[in-house]
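> Got a predicted model here, sequence first, then my questions.
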Amino acid sequence: REWISARVTPFGGELTQSTPHYGRGALLNYDFYTSKTDHAGGQASLWHEFRYFDERGSLSSTGFVRKNLSGG
């Protein structure tokens, strides 16, 4: 099997390959849902995703919690 060799494709007339740069940042994403039915009461759910990254690596956390609510 033959593989395609690595190459640089210039865009906008650039002929040199740029050096990658590291950055730092964070992301927080979450969802919160509630529901209620006549027969089973209600339910509340929370889901989260957190990410932090810098030149040393990344930290990631994902989780959820669900609570059944009493009917009435």
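Yep, that arrived.

> Where does the prediction get shaky in the chain?
Within the chain, the ranges that satisfy pLDDT under 70 run 1-2, 8, 13-18, 71-72.

> show me where it has strands.
Assigned by DSSP state E, the strands in the chain fall at 25-37, 41-54, 57-69.

> mind giving me JSON lines with those strands and columns for distance to A6 and mean neighbour count?
For the C-beta atoms, the positions are set from N, CA and C on the backbone; glycine is no exception. Formatted as JSON lines, the strands of the chain follow (distance: least, C-beta to C-beta, whole Å; neighbours: other C-beta atoms under 10 Å):
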{"stretch": "strand 25-37", "distance to A6": "28", "mean neighbour count": "10"}
{"stretch": "strand 41-54", "distance to A6": "26", "mean neighbour count": "14"}
{"stretch": "strand 57-69", "distance to A6": "25", "mean neighbour count": "10"}
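
> Those into JSON lines, with extra columns for distance to S5?
What follows is the strands of the chain, written out as JSON lines (distance: least, C-beta to C-beta, whole Å):
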{"stretch": "strand 25-37", "distance to S5": "34"}
{"stretch": "strand 41-54", "distance to S5": "31"}
{"stretch": "strand 57-69", "distance to S5": "30"}
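
> Of all those strands, which one is nearest T19?
Minimum separation from T19 across those (C-beta to C-beta) falls at strand 41-54, 17.4 Å.

> How about the most centrally placed residue in the chain: what's its closest non-neighbour residue?
Nearest to the geometric centre of the chain sits E49, at 6.2 Å (C-alpha atoms, centre = their mean). Of all residues not flanking E49 in the chain, N29 sits nearest, at 4.4 Å (C-beta to C-beta, 6 or more residues apart in numbering).

> Would you mind confirming that Y30 is in contact with S45?
No - using C-beta atoms under 8 Å, Y30 is not in contact with S45, being 10.8 Å away.
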